[in-house]
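**Q** Fold the following, please.
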Amino acid sequence: MGDRLPAETDLARHYRVSMPTMRAALALLEAEGIVEKHHGRGNFIRRPDERIRYDNQRLFSPHPAPAEAELHVHVSVHR
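**A** Okay, the predicted model is just below:
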């Protein structure tokens with residue numbers, strides 16, 4: 001577990017957003033594997049090697065990709 005984030009109310013005040021907006025943003029970060037929420041303890045930044053890797057934009061693997069893995073992207077457009 002990484003560094004603890006400030007309280008949600010403090011973050012909302014700092015970024016001048018409503019609490020529902022802040023919670024939605026944190027939920028998105030949690031879904032992306034960037035933030036980890038612990039009930040009663042707060043929100044924490046996840047370590048990079050603990051991030052969730054998504055496959056096919058829907059499924060995810062709890063196993064991190066190797067650090068030496070290269071990213072390959074292929075884009076094609078057909079009419």
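
**Q** Output the longest helix belonging to the protein.
**A** helix 19-31 (DSSP state H).

**Q** just the helices in the protein please.
**A** Going by DSSP H, the chain shows helices at 8-15, 19-31.

**Q** Which elements pack onto the shortest one?
**A** So that's helix 8-15. On a contact count with 3 or more C-beta pairs under 8 Å, 6 or more residues apart in numbering; DSSP states H and E, helix 8-15 meets helix 19-31. Glycine gets a C-beta too; all of them are placed from N, C-alpha and C.

**Q** Now do the helix it packs on against helix 8-15, angle only.
**A** 100 degrees (axes from the mean of the first three to the mean of the last three C-alpha atoms, to 10 degrees).

**Q** So for helix 19-31, mean pLDDT?
**A** Average pLDDT, helix 19-31: 92.

**Q** contacting residues around that helix?
**A** Where contact means C-beta atoms under 8 Å, 6 or more residues apart in numbering, the residues beyond helix 19-31 that reach it are 8-9, 11-12, 15, 17, 35-37, 43.

**Q** Could you rerun that using 7 Å?
**A** Identification of contacts with helix 19-31 by C-beta atoms under 7 Å, 6 or more residues apart in numbering yields 8, 11-12, 35-37, 43.

**Q** Report the two of those residues separated the most.
**A** For those, with distances taken as C-beta to C-beta, the pair at the greatest spread is 12 and 36 (19.2 Å).

**Q** picking up where we left off before, any chance of the helices of the chain in CSV, plus distance to residue 2 and mean neighbour count?
**A** CSV is the format used below for these (distance: least, C-beta to C-beta, whole Å; neighbours: other C-beta atoms under 10 Å):
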stretch, distance to residue 2, mean neighbour count
helix 8-15, 16, 13
helix 19-31, 12, 14
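
**Q** All set, thanks.
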